[in-house]
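Novice: Provided below are the primary sequence and the corresponding predicted coordinates.
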Amino acid sequence: LFNRMKLFATPAMRLCKMFTMLRKSARTGSLVLHRHYCTPVVNIFDRNAKRMQRERAAKRDDVELYDYIKDEVGYRLADRIFDIKRQFTNAVDLGAGRGYVTNHVLGETVQKLTAIDISPSMLAHIKGSPGLDFSVREMDEERFQFEPDSLDLVVSSLSMHWINDLPACFRAVNRALKPDGVFIGAMFGGDTLYELRSALQLAEQERRGGLAPHVSPFTQIRDVGMLLNRGGFTMLTIDTDELVIGYPSMFELMFDLQGMAENNAAFNRPLHVGRDTLAAAAAIYKDMYARKEEGVSATFQIIFFVGWKPCATQPQPAERGSGTVSLKDLGKVMTPKSGGGCKR
């Protein structure tokens, strides 16, 4: 018993002695203390599994049937590139897939584009647009490696929600961009597939007495701006859109997700789901989220963002106190003069 007490007391005695030395050193000014924040990266997604899922989807004979969401978002993202009135010399399509953005980018806007993806079979499908000088390169999105200050534009469509370390990826993109370079992207948001998630959770709670992560976690919109700021981007623009799509039942939705290579790739995903659980989930899904027409609906929340690498020539915010009009006078400025307006 005495030996045990001695064993347990030893760390406490050492700790007290250490704090005594720290206080003594701090009083003499011979010790400088620094606070370091160390947040280890938790790998949520299995990148090897995601690569195999994309390879399997790319080799399907009917792969184009499942591109309806990614083609639509890629077209909208390419349209945002056209809104920027400049010609980009060197651009990268990060997580290009089957060219959902590359196939819509015009050669008049981008001189040279490099499409990268973790799946070589996906890259083999890219056709590009007429007049576009593009090349493909197999690369994991988590290991984005380009020369510093070498790119004018980086675009990413519906790929970054599978990246484990988003802050590191954003920093790598920022490092590769030239000053005043732009990063344009779209990713699935937190409300994506909330119907499927709810139905599976309720069914498993009823049949198994517990929950399992059948739907991968998504980034919330409030986190995207913070991550972009931490990555070194400025003049951020973030907005969301929703695509609500109808399916005959929950099973057709899950089948299409597999065809898109958007099935679950989390490390802790369950490898088997019982038939009774799936049947119960389908019934719950139909009961809670049935459409006025036949079938059920599924929501895909899309987060669009634009971030710029800082540059001295960019517009800067005015200094505090430099305004000439007070907010108190805003009503007077906005109120039309007497006698104006439309006559009835």
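Specialist: It's in. Numbers count the residues shown, from 1 in each chain.

Novice: show me where the stretch 51-200 of the chain has its helices.
Specialist: Taking DSSP state H, counting those that start in this stretch as the test, the helices found in the stretch 51-200 of the chain are 68-82, 120-123, 166-176, 194-207.

Novice: where does the stretch 151-300 of the chain dip in pLDDT?
Specialist: 210-214, 271 (pLDDT under 70).

Novice: picking that back up, let me know which of the helices of the stretch 51-200 of the chain is the nearest to residue 154.
Specialist: helix 166-176 (5.1 Å; CB to CB). (C-beta placed from N, C-alpha, C; glycine too.)

Novice: flag every buried residue along stretch 168-177.
Specialist: For stretch 168-177, a neighbour-count test (16 or more other CB atoms under 10 Å) marks 169, 170, 171, 172, 173, 174, 175, 176, 177 as buried.

Novice: as a markdown table, the helices of the stretch 51-200 of the chain with distance to residue 326 would be great.
Specialist: Listed next are those as a markdown table, based on distance: least, CB to CB, whole Å:
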| stretch | distance to residue 326 |
| --- | --- |
| helix 68-82 | 36 |
| helix 120-123 | 56 |
| helix 166-176 | 38 |
| helix 194-207 | 44 |
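
Novice: between these, which one is closest to residue 109.
Specialist: Among the helices of the stretch 51-200 of the chain, helix 68-82 comes nearest to residue 109, with 6.2 Å by CB to CB.

Novice: helices and strands around the closest one, which ones?
Specialist: Applying 3 or more CB pairs under 8 Å, 6 or more residues apart in numbering; DSSP states H and E, one finds that helix 68-82 contacts strand 151-157, strand 177-188, strand 234-247, strand 296-308.

Novice: neighbours around the closest residue to residue 105 other than its chain neighbours, how many?
Specialist: Distances taken as CB to CB, 6 or more residues apart in numbering place residue 78 nearest to residue 105, at 5.5 Å, with adjacent residues excluded. For residue 78, the count of nearby residues is 23 (other CB atoms under 10 Å).

Novice: these two touch, right, residue 78 and residue 104?
Specialist: Yes. Using CB atoms under 8 Å, residue 78 makes contact with residue 104 at a distance of 3.7 Å.

Novice: what's the closest of the helices of the stretch 51-200 of the chain to residue 299?
Specialist: helix 194-207 (6.2 Å).

Novice: who touches the closest one?
Specialist: Helix 194-207 is contacted by residues 210-212, 214-215, 250, 253-254, 274, 276-278, 280-282, 284-285, 288-289, 296-299 when judged by CB atoms under 8 Å, 6 or more residues apart in numbering.

Novice: please identify the most buried of the helices and strands packed on helix 68-82.
Specialist: Of all the helices and strands packed on helix 68-82, strand 151-157 carries the top mean neighbour count, a mean of 25, counting by mean count of other CB atoms under 10 Å.

Novice: from the rest of the structure, what touches stretch 130-137?
Specialist: Contacting residues not belonging to stretch 130-137 are listed as 96, 102, 105-108, 110-117, 123-124, 126, 128 [CB under 8 Å, 6+ apart].

Novice: what comes up buried for it?
Specialist: Across stretch 130-137, burial judged by 16+ other CB under 10 Å covers 132, 134, 136.

Novice: now, those residues that are in strands?
Specialist: Mapping the buried residues of stretch 130-137 onto strands (DSSP state E) picks out 134, 136.

Novice: around residue 207, how many other residues sit close by?
Specialist: Look at residue 207: counted by other CB under 10 Å, it has 16 neighbours.

Novice: leaving out sequence neighbours, find the closest residue to it.
Specialist: Nearest residue to residue 207, sequence neighbours excluded (CB to CB, 6+ apart): residue 277, at 4.9 Å.
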